[in-house]
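Novice: I'd like to go over a predicted model; first the sequence, then the structure.
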Amino acid sequence: MAEEDELADAPRVVGVLSALLDRVVERNDAAAGAEELAAAPASAFRATAKPDISVRAYMARIARFAGCSPACYVVAYVYLDRLLRRGRGRALAVDSYSVHRLLITAVLAAVKFMDDVCYNNAYFARVGGISLPEMNYLEVDFLFGVGFDLNVSPETFGHYCSVLRSEMLCLEVEAPPPLAAAGPRLHGCSLSEDDATCSTAAVALSSS
């Protein structure tokens, strides 16, 4: 509970992204059912047992120890969506077995691409509660999964900020928007870079 309370001091985007992922996990877990969820195809990102730590507490831990810029969380969200778009044939879904490893790997990739100074893989492995060999393997698998497409244009960044900002506004009125039932993607709306028309004013999410 203490780590979850630390989200109050984290950049606003951390809490918003954790809330969005929480709902995606809940939806995908419910759609799959307990037996199908436990028997899902093997993947580097799927834990053999469901982690005890909540998404919210895990995000709080990352925010506390990773020391990355708020923009990294937006970029991590972009990367996760790219991975799921490209991995439609890999049967990869964001559920309670995979969300933690997907999250720590996406943040690691975003930090390395966005920030001038960052911790190494050994440090991120400790933060994420996995071994260094696992962290290294997840990073490589993730990079191949997104096709090494790590560049994020200002327009794309602004678009994803807008999606997160909408989520934030819904959380403030305690009425989260419904997520589409079909498809493995993180959010029901179109997140295509071709459709990126939203304003970068949504970077207000980065304020603490």
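Specialist: Everything's here; your move.
Novice: Mean pLDDT per helix and strand in this protein: which one sits at the bottom?
Specialist: helix 2-5 (a mean of 51; mean pLDDT, DSSP states H and E).
Novice: which is the next helix or strand following it?
Specialist: Counting by DSSP states H and E, the next helix or strand C-terminal to helix 2-5 is helix 12-32.
Novice: distance between that next one and the chain's centre?
Specialist: With Cα atoms, centre = their mean, to the nearest Å as the basis, helix 12-32 stands 9 Å off its chain's centre.
Novice: do stretch 157-173 as well
Specialist: Centre-to-centre, stretch 157-173 and its host chain are 14 Å apart (Cα atoms, centre = their mean).
Novice: And it, what's buried?
Specialist: Buried positions in stretch 157-173, judged by neighbour count with 16 or more other Cβ atoms under 10 Å: 157-168. All C-beta atoms are positioned from the backbone trio N, CA, C, and that covers glycine.
Novice: how many other residues sit next to H100?
Specialist: Other residues lying near H100 total 24 when counted by other Cβ atoms under 10 Å.
Novice: Just the C-alpha atoms of the helix or strand that contains R126, please, in PDB.
Specialist: Take DSSP H and E as the rule and R126 turns out to sit in helix 121-128. In PDB, the C-alpha atoms belonging to helix 121-128 read as follows (Å, rounded to 0.1, in the frame of the first residue of the first chain):
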ATOM      1  CA  ASN A 121      19.900  -3.200 -17.400                       C
ATOM      2  CA  ALA A 122      21.100  -4.700 -14.100                       C
ATOM      3  CA  TYR A 123      19.500  -1.800 -12.200                       C
ATOM      4  CA  PHE A 124      16.300  -2.100 -14.100                       C
ATOM      5  CA  ALA A 125      16.200  -5.800 -13.500                       C
ATOM      6  CA  ARG A 126      16.300  -5.200  -9.800                       C
ATOM      7  CA  VAL A 127      13.600  -2.600 -10.000                       C
ATOM      8  CA  GLY A 128      11.500  -4.900 -12.000                       C
END
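Novice: Remind me what it packs against, helices and strands.
Specialist: The helices and strands touching helix 121-128, judged by 3 or more Cβ pairs under 8 Å, 6 or more residues apart in numbering; DSSP states H and E, are helix 55-66, helix 99-114, helix 132-145.
Novice: which residues sit against the shortest one?
Specialist: Applying Cβ atoms under 8 Å, 6 or more residues apart in numbering, the set of residues contacting helix 55-66 from outside is 3-7, 10-11, 14-15, 17-19, 21-22, 25, 51, 53, 99-100, 103-104, 107, 111, 119, 124, 127-128.
Novice: Filter these down to the buried ones.
Specialist: By 16+ other Cβ under 10 Å, those give 3-4, 7, 10-11, 14-15, 17-19, 21-22, 25, 51, 99-100, 103-104, 107, 111, 119, 124, 127-128 as buried.
Novice: And for the helix holding R126, what's in contact with it?
Specialist: Here helix 121-128 has contacts from 61-62, 65-66, 100-101, 104, 107-108, 119, 131-132, 134-136, 139, using Cβ under 8 Å, 6+ apart.
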